[in-house]
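In: Below: sequence and its predicted model.
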Amino acid sequence: MKPQIRCPNLNHSRTRVTVRFCSVCGEVVNREIPVRKCSEAEHATRRRERYKFCFDCGEQLIR
Ligand SMILES: [Zn+2]
Ligand SMILES: [Zn+2]
């Protein structure tokens, strides 16, 4: 049996998600949403808001 990794982000249990990536674990939560190209400024703002991963491009913001 594979151990279940529980991500606290609610995006995983929602049926209609408006973002492609989970900002907590970086996993794809909605494949229908295209990957966005973000600017450094957007990433800087998200880093300040304590998003570990970018929900638009999946890049890890906080290491
Ligand atoms: Zn997650
Ligand atoms: Zn991004």
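Out: Nice, I can see it. Ligands and ions are numbered 1, 2, ... in the order given.
In: which residue sits closest to Gly58 in space, ignoring its chain neighbours?
Out: Of all residues not flanking Gly58 in the chain, Phe21 sits nearest, at 4.2 Å (CB to CB, 6 or more residues apart in numbering). C-beta: built from backbone N, CA, C; applies to glycine.
In: quick one: contacts for that neighbour?
Out: With contact taken as CB atoms under 8 Å, 6 or more residues apart in numbering, Phe21 is in contact with 27-29, 53-58.
In: Try it again at 7 Å.
Out: Phe21 is in contact with 27-29, 53-55, 58, counting by CB atoms under 7 Å, 6 or more residues apart in numbering.
In: Can you tell me which of those residues is nearest Ala44?
Out: Nearest to Ala44 out of those is Cys54 (CB to CB; 10.9 Å).
In: Is it correct that the closest one is in contact with Arg36?
Out: No - here Cys54 lies out of contact with Arg36, judged by CB atoms under 7 Å, at a distance of 8.6 Å.
In: The chain against ligand 2: which residues are in contact?
Out: 38, 54, 56-57, 59 (CB under 5 Å from the ion).
In: Tell me which two of these sit farthest apart.
Out: Farthest pair in the residues of the chain next to ligand 2, by CB to CB: Asp56 and Glu59, 8.7 Å.
In: Excluding chain neighbours, what is closest to Asn11?
Out: Among residues not flanking Asn11 along the chain, Val29 sits closest, at 4.6 Å (CB to CB, 6+ apart).
In: Just confirm that neighbour contacts Arg16, I think it does.
Out: No - counting by CB under 7 Å, Val29 does not reach Arg16; the two are 10.5 Å apart.
In: Looking at the two, which one has more neighbours?
Out: Val29 (22 against 5; other CB atoms under 10 Å).
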